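K.L.:
got a structure for you, letters missing:
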């Protein structure tokens, strides 16, 4: 069957879904039978549970019809096989290929892409082993004990979120830190806590031209020189992760370089060398390898054409139903795990940069809502913060909970009859039920209407493998939603204008827009 | 003139505003004359600039009419004078009184409230001086060099955001850390990096009964005992910030206790002893005192009945116009300062917990939208993340930028003709202009429609005084919006149901809701 690209609002299956906006409201969220039934394997030991969503079997069938109508599985297979689905930039989309080969060999200009990504990972593995063994040392002869990633956006958020997710469960072999912002206070603050002689920097920029990253590279080099350490050579303290065609590739200013390419988007690059170098240096290559294995499991499950066995596809379609039929403009991500403190920020980029678009993959404006605003903080912290609005605000916010049976650190204590982990889980359960079922009260201020939908992803423990599956689940969810909305989820033209205007301000020419000029004066640039 | 409480949709001035929803779209955002004119003193050396908002002089006049109609200044004065404006809980709202007395003495049961708050701050000042001088030492005779705040929600987010905002510009006298989540991984991770003998813990809970905080206190005490340090006494390493009537007050389990009361809401408590103890221990009392001075300036400016001279009131009303007339459901907070990395999370609580409500101050349901979803990350990081959706998504998100002329750390470098701080500011200016004016392109994928409104708060440098004004600006904005929507912004009944249900799960009784029980089993509680 050939693949057809259609706008969502041209599909009969979508019109049928729209007709459900009223009667679906009558359904009661969350029944005890539903809880055990509405559980789907999400890979890496994770389960996706949608019992607290506003659904019935008929709706799931309708979502299946939409999935079939919009050829979601065919489009996923097409992507996996190396089609140039990033239409705007005319590129393949190959981040899944960094963790497995699901649709045969992908060749580009005579090169086997899977072998290319694997080769980079093998080079990283060997480099990391040599650093950890002290065979590769700093320029003054000291062993490296710290790694600092210099990158921004996709070169920062994903790897940083994953590092924080694992630092308690995988004892770091090397300490890791991150510099991203061009704000000089960021680099200064990170550098102030480091011993430069034992620090290895990773410069991450696909193009090798990212303004913030080059400015921060220069910052690190100049500060190193100012430190006046005898025999210190910055080029022996820096590696690059970049594309083979970038100015950083093969530069004598770096100790070594590891490669990705244009077929790995920044926000999808955590499982490429971009995440691989820093996470392997921090925890050892085997930890990174476990992340890849978990992601590969989720990628494979995403091939299931039965929506009841495909967690990421169901998650995607429930999100479309809530966004386009029920009209909810935002989604909250609520991990009940402090280790996932920056995971919502990573999802915020992955989702909003992929699907925050108003034109379809052919460059034509669409007439329906696309990607929602994504935000979130860990529970129970959020309960004492913005949950008030989630429970009783005038807008309904769909909720994505994440939780684990066990803590990462095996050192819990009983207090008043329960451990901290039990309290954490009890709060998670309580919130799901409170949002779904509410509680009537004659005092309207204490009344909970309920009917606020959520889903939850549960696992035994936040291990590297579970983390990989969690990451891939959301990547695939966002991909499927992009297919449903007929978007190109893999470019980001919306960030270009600001770069151009910033360049004009710094150049300071007379032809600058008067508003740019007036604000530049106010800010004394 | 007596104060009248009216729902927004009963006001003629609101109906007049609603009539502007179409014609206001014709206005061009951002003219170079407008930029210099649309600048209001926001206190602490800050300026609020609204030139990139969708406004005209007539609209500002209409917002003034709404402010007058809804008696915003009278209601603020009434609050300052000690009225019981927290109707649901029948409490005064006195957080502004922690930094100044703007409406005469506020007495409660014969007690002068201003004197009470000042007395606590004086006690903190003396205690901090004694700790810093080594007169108050740990139980094994070592000087304290680290302070750890144990608290959640308002006892955590504000103080933590302020600490991070200042740690680069005010060299810490003591290191500070924070434990909030009941997740045992949070406490374990923080404790693993500490020397217990030199650490002072601050237990922060107004009621003295917060589940997470008591569990974490117990955690710290038990871990201290397990450490088996000879002569170690946990009660000599812990102080409390609580209300005088709480179980923690006057407990022999703490070294000392400092008080707040029911008239300071958690999310407004940063300028009370809740923020005062930890910030003074970290930086010295004079830094905290400067924060108070900045906040006091902003509080005073908020008394201006002329909306063109009252930044927080204008900010509030522009937000209402965008939320209720233009229908924008979210607001992004975008500080161009890495030091403000957690400030958006604090505002998220302050705003969403205050105004995320569906009933008015008298407990009657309202028929209009109230508090929006608030989210944000520092620039330029966000530019490489979710800005795609802000520029080209299908929903318009009003933007609150924050920026400073100078960095906090005076150690910047020139790279390719500009310093990092200049690059940071150039990006800020470029984004404001790009969002407002857009840029036409015949390729729809590269087209920027513009017309996406923003305002910016600018200061010379993020000092303690500027930070205090920034904090109070948003507190007062949220207060004014609550008055406009006729809400009680100072209670949080929406968080109660979850607490009750969590208690039921932990008690594990047979009468538990079947859904609670089923989920509890799934999560092995």
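P.N.:
That came through, no problem. From a predicted model like this one, the values you see are computed outputs, not experimental measurements. Numbering: from 1, shown residues only, chains lettered A, B, ... in the order given.

K.L.:
Now do the least confident helix or strand in chain A by mean pLDDT: everything it contacts.
P.N.:
Ranked by mean pLDDT, DSSP states H and E, the helix or strand of chain A with the weakest confidence is helix A:32-37, at a mean of 87. Identification of contacts with helix A:32-37 by Cβ atoms under 8 Å, 6 or more residues apart in numbering or on different chains yields A:49, A:51, B:514, B:515, B:517, B:518, B:519, B:522. In short, each C-beta sits where N, CA and C put it, glycine included.

K.L.:
Name the spans of chain A whose pLDDT lies under the cut-off.
P.N.:
Within chain A, the stretches with pLDDT under 70 are A:1.

K.L.:
can you map out the strands along the stretch 351-500 of chain A?
P.N.:
Ranges of strands within the stretch 351-500 of chain A are A:373-375, A:399-404, A:414-415, A:418-419, A:454-459, based on DSSP state E, counting those that start in this stretch.

K.L.:
Quick one: list the elements packing against the second one.
P.N.:
Read it as strand A:399-404. With contacts defined as 3 or more Cβ pairs under 8 Å, 6 or more residues apart in numbering or on different chains; DSSP states H and E, strand A:399-404 has these neighbours: strand A:330-335, helix A:420-437, strand A:454-459.

K.L.:
again, only using 6 Å
P.N.:
Using 3 or more Cβ pairs under 6 Å, 6 or more residues apart in numbering or on different chains; DSSP states H and E as the contact test, the elements touching strand A:399-404 are strand A:330-335, strand A:454-459.

K.L.:
Switch these over to CSV; also include mean neighbour count and distance to residue B:346.
P.N.:
As requested, the helices and strands packed on strand A:399-404 are exported to CSV (neighbours: other Cβ atoms under 10 Å in any protein chain shown; distance: least, Cβ to Cβ, whole Å):
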stretch, mean neighbour count, distance to residue B:346
strand A:330-335, 24, 17
strand A:454-459, 24, 25
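
K.L.:
need those strands in JSON lines with distance to residue B:177, can you?
P.N.:
Converted to JSON lines, the helices and strands packed on strand A:399-404 look like this (distance: least, Cβ to Cβ, whole Å):
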{"stretch": "strand A:330-335", "distance to residue B:177": "21"}
{"stretch": "strand A:454-459", "distance to residue B:177": "28"}
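
K.L.:
can you list the ones you listed in TSV and add distance to chain B?
P.N.:
Below are these laid out as TSV (distance: least, Cβ to the nearest Cβ, whole Å):
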stretch	distance to chain B
strand A:330-335	5
strand A:454-459	7
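
K.L.:
Quick one, which of these gets closest to residue A:214.
P.N.:
Each of those was scored for nearness to residue A:214 using Cβ to Cβ, and the closest is strand A:330-335 (31.9 Å).

K.L.:
so what strands line up beside the closest one?
P.N.:
Using DSSP bridges, strand A:330-335 pairs in its sheet with strand A:373-375 (parallel), strand A:399-404 (parallel).

K.L.:
who touches it?
P.N.:
Where contact means Cβ atoms under 6 Å, 6 or more residues apart in numbering or on different chains, the residues beyond strand A:330-335 that reach it are A:343-344, A:347, A:372-376, A:378-379, A:382, A:397-402, B:373.

K.L.:
again, but for stretch A:260-276
P.N.:
Around stretch A:260-276, the neighbours that count as contacts under Cβ under 6 Å, 6+ apart are A:91-92, A:94-95, A:98-99, A:120-121, A:124, A:153-155, A:158-159, A:162, A:204, A:241, A:243, A:258, A:288, A:292, A:295, A:349-350, A:353, A:475, A:490.

K.L.:
tell me how far that stretch is from the chain's mean position?
P.N.:
For stretch A:260-276, the separation from the chain centroid amounts to 11 Å (computed by Cα atoms, centre = their mean, to the nearest Å).

K.L.:
cool, and stretch A:457-475?
P.N.:
Stretch A:457-475 sits 12 Å away from the centroid of its parent chain (Cα atoms, centre = their mean).

K.L.:
Who are the contact partners of the residue in the stretch 151-300 of chain A positioned nearest to chain B?
P.N.:
Among the residues of the stretch 151-300 of chain A, residue A:153 lies nearest to chain B; the distance is 2.6 Å by Cβ to the nearest Cβ. Shown here is residue A:153, whose contacts under the criterion Cβ under 6 Å, 6+ apart are A:266, B:384, B:385.

K.L.:
Residue A:216: helix or strand, and which one exactly?
P.N.:
Residue A:216 is located in helix A:211-227, with elements delineated by DSSP states H and E.

K.L.:
Just the angle for that helix relative to helix B:420-437, thanks.
P.N.:
For the pair helix A:211-227 and helix B:420-437, the angle between their directions (axes from the mean of the first three to the mean of the last three Cα atoms, to 10 degrees) equals 170 degrees.

K.L.:
Can you list the buried residues in helix A:211-227?
P.N.:
Neighbour-count burial for helix A:211-227 flags A:211-221, A:223-224 (criterion: 16 or more other Cβ atoms under 10 Å in any protein chain shown).
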